[in-house]
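Participant: What would the 3D arrangement of this be:
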Amino acid sequence: MISSSSAPLFLALRYLRPKRSFVSVITLISIMGVMLGVGVLVVVMSVFKGWQSEFKKLLLGFEPHIVLMQQPGPKDTAGPARIDWRQMQQRIQVAPGVLSATPIAEGYAAIRTAKMDPEGVEILGMKPGEDNALLAKLERHRLSGRLDLKGDCIVITDRLARKLGVKLGDPVSVLARETIGQMIRDLRTADAEVDPAKAQAAKDEIIVIPKELTVSAILRGDTAGERCYTPLYIAQELFNLEGDVSGIEVEITAPEQADAMAISWINATDWPMEWSPRTWTDLHGYTLQMVENQKSLLWFLLLFIILVAAFCVMNTTITVTMQKRREIGILTALGTRASQVIGIFLNQAGIVALVGLVGGLAGGFTILHFRNDLRRWIAESTGRDFFPQDIYFLSEIPAQIDPLDLATISGLAIVLCVLAALIPAWVAARVDPAVALRE
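Facilitator: Okay, here's the model as predicted:
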């Protein structure tokens, strides 16, 4: 004997038994719809989560965690004495959570060879040494040469090396952007001179001598960014710093806490106002925010796949209620409550959603496991790579399964499918037994 509490589940399972009828076909279609929606969501969100994580690791692999910049101002003032970079470096080095604090000189320059046109690059000058944590990070991206930063040398990327047509040990000419700008201003001033003789004399006095440097190491550009590196004194000379520095590069033990650490420094009562921190998230904040926006947009778009699957379940429920209309009338005439009739079809929708969910998760995990094999097969079959390395900076498709995402996907699939079946189930429960039995 079946109890009243288990009767809806029993009848739901009975209606779902595969038979040679249209009902079984549309039930399988509903299950496949849920499987497809869940599987696509699992694959896409896991790959995007993995790419997001790898992208942050990529940035942290070559970007300074925090850069302390000194605001320009007069050195002799009536107020508190300004703290120079050496004092600031000593202070930061002993701060909790700091791995290293290194003076840097940064700026933009044009680099060229005798045969190639100039290329604009960002140059970062640093001191060599084992205590330079940023230099240790860059070592992982080295393709050839040595990152010793001693002598008149420069470290470039493989992409820049290909553009310039240079290899390890070749000479390059470097000219700072400020020097080029001053040269242009001087030429314009000379051209504005009315007297041709004075104009020519002014032009003759404009002498720009580029700095000749030797390529000492080559980095992998797709993982180390496009920045070039030189010894600190070379960058100071290029950017006319005269022994001063652009800032202090700070590496910390917890890069994710860079913003919080910078705020705590600024809020300290004895923090010198002329020094301000710039974190790696400040520098790439727009890109990181864009990645977060893309994730939200993906959730919104892929949600429609689950909605389509829910409509398939609704269609199945409508078909079953129409075909079982006489049976529903008999159940109602025998005293079955409306809530029990609704429970039959909600159980049916829940079973469809659960089976589709399990199948979708299994299929999604399988595709994730063979994702790189599938990528190679598609690339070989179509001649097109849908995950190009020059755009995503990764040689393989990353994936990271987030339990929270899985729980959200599973909950959405079940809730939407059950809700979709609620309306036709409610309509079926309101059928008049006399009318249903006459049909």
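Participant: where do the helices sit along the stretch 201-350 of the chain?
Facilitator: Secondary structure of the stretch 201-350 of the chain (DSSP state H, counting those that start in this stretch): helices at 221-224, 232-238, 258-267, 280-283, 285-323, 325-333, 338-369.
Participant: Quick check: which of these is nearest to residue 149?
Facilitator: Of all those, it is helix 232-238 that lies closest to residue 149, at 7.9 Å by C-beta to C-beta. All C-beta spots, glycine's among them, are computed from the backbone N, C-alpha and C.
Participant: picking that back up, lowest-confidence stretch among the helices of the stretch 201-350 of the chain?
Facilitator: Ranked by mean pLDDT, these bottom out at helix 325-333, with a mean of 67.
Participant: List the contacts of residue 413.
Facilitator: Residues in contact with residue 413 (C-beta atoms under 8 Å, 6 or more residues apart in numbering) are 34, 37-38, 306, 309, 353, 356-357, 360.
Participant: Rebuild those as JSON lines, extending it with neighbour count.
Facilitator: Compiled in JSON lines, these are given as follows (neighbours: other C-beta atoms under 10 Å):
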{"residue": "34", "neighbour count": "29"}
{"residue": "37", "neighbour count": "28"}
{"residue": "38", "neighbour count": "29"}
{"residue": "306", "neighbour count": "24"}
{"residue": "309", "neighbour count": "28"}
{"residue": "353", "neighbour count": "28"}
{"residue": "356", "neighbour count": "26"}
{"residue": "357", "neighbour count": "23"}
{"residue": "360", "neighbour count": "29"}
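Participant: Just send those residues back as CSV, with distance to residue 340 too.
Facilitator: Compiled in CSV, these are given as follows (distance: C-beta to C-beta, whole Å):
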residue, distance to residue 340
34, 25
37, 30
38, 29
306, 28
309, 26
353, 20
356, 25
357, 25
360, 30
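Participant: Ramachandran angles for residue 45?
Facilitator: phi -70, psi -30 (degrees, to the nearest 10).
Participant: so how far is residue 377 from it?
Facilitator: 23 Å (C-beta to C-beta, to the nearest Å).
Participant: Those two: which is more packed in?
Facilitator: residue 45 (23 against 11; other C-beta atoms under 10 Å).
Participant: give me every residue that touches that one.
Facilitator: 295, 298-299, 302, 402, 405, 409.
Participant: And residue 360, by the same measure?
Facilitator: 34-39, 41-42, 413.
Participant: can you list the domains in this protein?
Facilitator: 7-59+287-438, 68-277 (automatic domain parsing).
Participant: Residue 110: which element?
Facilitator: Using DSSP states H and E, residue 110 sits in strand 98-112.
Participant: Name the strands paired with that strand and say parallel or antiparallel.
Facilitator: strand 119-126 (antiparallel), strand 171-176 (antiparallel), strand 247-252 (antiparallel) (DSSP bridges).
Participant: In the stretch 51-200 of the chain, what residue spans correspond to strands?
Facilitator: 66-70, 98-112, 119-126, 142-145, 153-157, 171-176 (DSSP state E, counting those that start in this stretch).
Participant: Of all those, which one comes closest to residue 265?
Facilitator: The nearest among those, by C-beta to C-beta, is strand 66-70 at 8.5 Å.
Participant: Could you name the helices and strands sitting against the closest one?
Facilitator: Judged by 3 or more C-beta pairs under 8 Å, 6 or more residues apart in numbering; DSSP states H and E, strand 66-70 is in contact with helix 85-93, strand 247-252, helix 258-267, strand 275-279.
Participant: Can you pull out the residues in contact with stretch 157-176?
Facilitator: Contacts of stretch 157-176 (C-beta under 8 Å, 6+ apart): 107-113, 115-116, 118-119, 121, 123, 143-145, 154, 156, 208, 210-222, 224-228, 238-240.
Participant: and the gap between residue 140 and residue 61?
Facilitator: 7 Å.
Participant: Which of those two has more residues huddled nearby?
Facilitator: Taking other C-beta under 10 Å, residue 140 and residue 61 do not tie; residue 61 has more neighbours (15 against 12).
Participant: what residues are up against the more buried one?
Facilitator: So residue 61 contacts 137, 140-141, 223-224 (C-beta under 8 Å, 6+ apart).
Participant: What confidence value was assigned to it?
Facilitator: 73.
Participant: same question, the one 4 residues further on
Facilitator: We note a pLDDT of 89 for residue 65 in this prediction.
Participant: Tell me if I'm right that it and residue 255 touch.
Facilitator: Yes. With contact taken as C-beta atoms under 8 Å, residue 65 and residue 255 are classed as touching, separated by 5.0 Å.
Participant: No further questions, thank you.
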